[in-house]
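Chemist: Pasting the sequence and the predicted model now:
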Amino acid sequence: MNFAAFPGRHGRLVVLCGLSLLLHLLVIALIDMRITEPPPFDGVPGLAVRLVEPAPSAPAPVPGPAPAAEPALSAPTPALTPIEQGPSTAAPAAAPLPATPAEGAEPVQMPSRYRVTVPPSVTLSYEVRTAVGPEGEARLAWETDGVQYRLALDGIAGSIESEGGTDDAGLAPTRASYRQGLGRAGIAFDRERATIVLESLGRSLRDMPGSQDGATVLMQLSGIGLADPDQLQDTVEIYVARASGAAVERYRVLGKEQLATPLGAMEALRLARVAQPGELLMEVWLAPGQGWLPVQLRTTAPDGSTRTQALKGIQRVPAG
């Protein structure tokens with residue numbers, strides 16, 4: 001064995017170990033220097049990076065209940081309160097009216113529907129009298145084919161001409177004309193748009209199912225009696241358009257009477273239109289034995305004076 005070579009190899013191993021140790025120390029020193037003295041970023045310190053993170057007071061929106069700070073928006077009168085309570089009653093019925101309401105009229109409720117049978121064509125002639133005595137004559141001319149109609153009324157209820165048809169609420173006027181002095185005032189019923197146009201006043205009113213004019217209201221009452229007399233109890237309500245406006249007219253059923261007319265005695269059901277103070281009171285007598293036709297009308301003025309038109313003749317048109 002050559003022992004002379006051992007020291008040489010051992011020496012080289014010691015040298016390599018020393019170099020390795022020295023290299024490790026140098027690496028450790030470099031790492032320590034990088035940790036203790038990091039090179040700065042250009043212009044912005046490391047903490048500036050944290051400023052772009054979302055602030056705790058403004059978290060990203062997430063589905064679910066409102067954040068705790070939301071109650072600060074509450075007030076004694078919440079902003080949503082008017083919407084929750086609904087629209088103002090100045091425009092009745094839930095939604096704004098498509099037309100101007102009648103003067104001084106309160107929001108109205110649609111009258112109950114009645115079953116109606118169209119009365120057959122007929123011409124009625126009347127005698128007009130006051131407390132003093134006879135005053136003249138009146139006339140009601142009703143012409144219909146069961147669907148379309150024409151009506152002319154001239155008497156104590158005024159001079160009115162009307163034409164139209166029928167629908168599921170009974171008579172359905174399309175036009176009416178009222179005599180006023182030397183002229184006439186027209187009204188038009190636009191059933192599709194649910195409006196009534198007062199042509200002489202340049203105004204539009206709301207229409208309602210079953211609406212009538214000042215002449216057809218008489219024949220509508222007759223048709224209600226023809227369809228089912230039991231409907232004529234307590235109060236009958238009908239929406240009526242006249243030259244100056246439209247409103248629900250209420251006719252109180254006062255009961256049956258034995259009526260004396262120029263045509264003879266007949267049983268009739270008496271109805272009285274409810275009038276406001278200062279208004280003209282109108283009463284109507286419908287005769288079951290004459291097809292529920294209006295055989296007598298009476299008006300009472302605020303001063304108590306009366307005018308009555310009583311049936312004196314019936315001219316019926318033969319069927320077919």
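Modeler: Good, I have the coordinates. Numbers count the residues shown, from 1 in each chain.
Chemist: tell me the contacts of L259?
Modeler: A265, M266, E267, A268, W285, A287, V295, Q296, A310 (Cβ atoms under 8 Å, 6 or more residues apart in numbering). (Each C-beta comes from the backbone N, C-alpha and C, glycine too.)
Chemist: Specify the beta-bridge partners of it.
Modeler: M266 (DSSP bridges).
Chemist: Tally up the residues packed near W292, please.
Modeler: The tally of other residues near W292 (other Cβ atoms under 10 Å) stands at 23.
Chemist: now do the one 4 residues further on
Modeler: By other Cβ under 10 Å, 22 other residues sit near Q296.
Chemist: Go ahead and report the secondary structure state at D230.
Modeler: Here D230 is recorded as helix under DSSP: H, G, I helix; E, B strand; the rest coil.
Chemist: so how far is V236 from it?
Modeler: The gap separating D230 from V236 is 12 Å, by Cβ to Cβ, to the nearest Å.
Chemist: Mind checking which of these two has more residues around it?
Modeler: V236 (22 against 8).
Chemist: that's a strand at the more buried one, yeah?
Modeler: Yes - V236 forms part of a strand when assessed by three-state DSSP.
Chemist: Beta-bridge partners for it, please?
Modeler: Y251.
Chemist: Per-residue pLDDT of it, please?
Modeler: On the pLDDT scale, V236 is placed at 96.
Chemist: give the contact list for it.
Modeler: Here V236 is in contact with Y114, L221, I224, R250, Y251, V253, L271 (Cβ under 8 Å, 6+ apart).
Chemist: and which of those residues is nearest to V317?
Modeler: L221 (20.4 Å; Cβ to Cβ).
Chemist: for the helix or strand hosting that closest one, packing partners?
Modeler: Using DSSP states H and E, L221 sits in helix 216-227. Helix 216-227 is packed against strand 149-155, strand 170-180, strand 235-242, strand 281-287, strand 293-300, with contacts defined by 3 or more Cβ pairs under 8 Å, 6 or more residues apart in numbering; DSSP states H and E.
Chemist: same thing but 7 Å
Modeler: strand 170-180, strand 235-242, strand 281-287, strand 293-300 (3 or more Cβ pairs under 7 Å, 6 or more residues apart in numbering; DSSP states H and E).
Chemist: what comes up buried for the helix or strand harbouring G165?
Modeler: Using DSSP H and E, the element containing G165 is strand 158-167. For strand 158-167, a neighbour-count test (16 or more other Cβ atoms under 10 Å) marks S159, I160, E161, S162, E163, G164, G165, T166 as buried.
Chemist: Check the burial of the nearest residue to the first one once chain neighbours are set aside by counting its neighbours.
Modeler: Among residues not flanking S159 along the chain, R179 sits closest, at 3.7 Å (Cβ to Cβ, 6 or more residues apart in numbering). Residues near R179, counting by other Cβ under 10 Å, number 14.
Chemist: Test my guess that R179 contacts G155.
Modeler: No - counting by Cβ atoms under 7 Å, R179 stays clear of G155, with 11.6 Å between them.
Chemist: Quickly list what the residue nearest to A131 when sequence neighbours are not counted is bridged to.
Modeler: The spatial neighbour of A131 that comes closest, neighbours along the chain excluded (Cβ to Cβ, 6+ apart), is T306 at 6.2 Å. Assessed by DSSP bridges, T306 has beta-bridge partners T300.
Chemist: Pull the contacting residues for T306.
Modeler: T130, A131, R298, T299, T300 (Cβ atoms under 7 Å, 6 or more residues apart in numbering).
Chemist: Out of these, which one has the weakest pLDDT?
Modeler: pLDDT across those is lowest for A131, at 91.
Chemist: before we move on, back to that, just the pLDDT for the residue nearest to S159.
Modeler: pLDDT recorded at R179 is 92.
Chemist: Bridging across strands, which residues link to it?
Modeler: Where R179 sits in a bridge, its partners, by DSSP bridges, are R184.
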